[in-house]
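>>> Quick one, what's the 3D model for this:
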Amino acid sequence: MCPYASIYQYQTQILPKRHVSSLFSLTEDEIRGLAYTIKDLFERYNRNLGDIAYNMYFHCINREVKEYHLHIDICPRTNIHAGFEISTGAIINSVYPEDAAEVLRDKEVNKG
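Numbering: from 1, shown residues only. Below is the predicted model:
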């Protein structure tokens, strides 16, 4: 998912279908699915954006809490901070999340 009003261009979030707060609560099948999803996403990033740096943030806690939902943010480092960003601390993202999702969705990724 490309979140609305994301800070970084092509930022994505991965959320499990089942509500869990912790990575430790994932089943083996869910862990395999998560690994496949991350691998597939990085292949799409590489195909569309080239060989870029990124940050990956795991938002989780070590116990189950009903109010908290595990999610992962992946932020490609495509932005170049210029005078406005440096002087104000505000980051401008020139790619709408709908456009980012379309770019990442449309490209075929080698399966194998």
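>>> Could you export the helix or strand of the chain with the lowest mean pLDDT as CSV, CA atoms only?
For the chain, using mean pLDDT, DSSP states H and E, the weakest element among its helices and strands is helix 83-88, scoring a mean of 74. Only the C-alpha atoms of helix 83-88 are listed here, as CSV (Å, rounded to 0.1, in the frame of the first residue of the first chain):
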residue,chain,number,x,y,z
GLY,A,83,17.0,24.7,0.3
PHE,A,84,13.3,24.6,1.3
GLU,A,85,13.6,21.2,3.0
ILE,A,86,16.8,22.0,4.7
SER,A,87,15.7,25.4,6.0
THR,A,88,12.2,24.4,7.1
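>>> Next SSE downstream of it?
Per DSSP states H and E, the first helix or strand lying C-terminal to helix 83-88 is helix 97-106.
>>> Identify the residues contacting that following helix?
The contact list for helix 97-106, computed with Cβ atoms under 8 Å, 6 or more residues apart in numbering, reads 1-6, 9-12, 41, 44-45, 48. Placement of C-beta: from N, CA and C, glycine included.
>>> low-scoring stretches of this protein, by residue?
86, 107-112 (pLDDT under 70).
>>> could you show me where the strands are in it, in order?
12-14, 54-59, 71-76 (DSSP state E).
>>> Tell me which residues are up against the second one.
The reference is to strand 54-59. 23, 38, 42, 45, 70-77.
>>> Buried among those? Make that a ChimeraX selection.
To isolate the buried ones among those in ChimeraX, judged by 16 or more other Cβ atoms under 10 Å, type:
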select :23,45,70,72,73,74,75,76
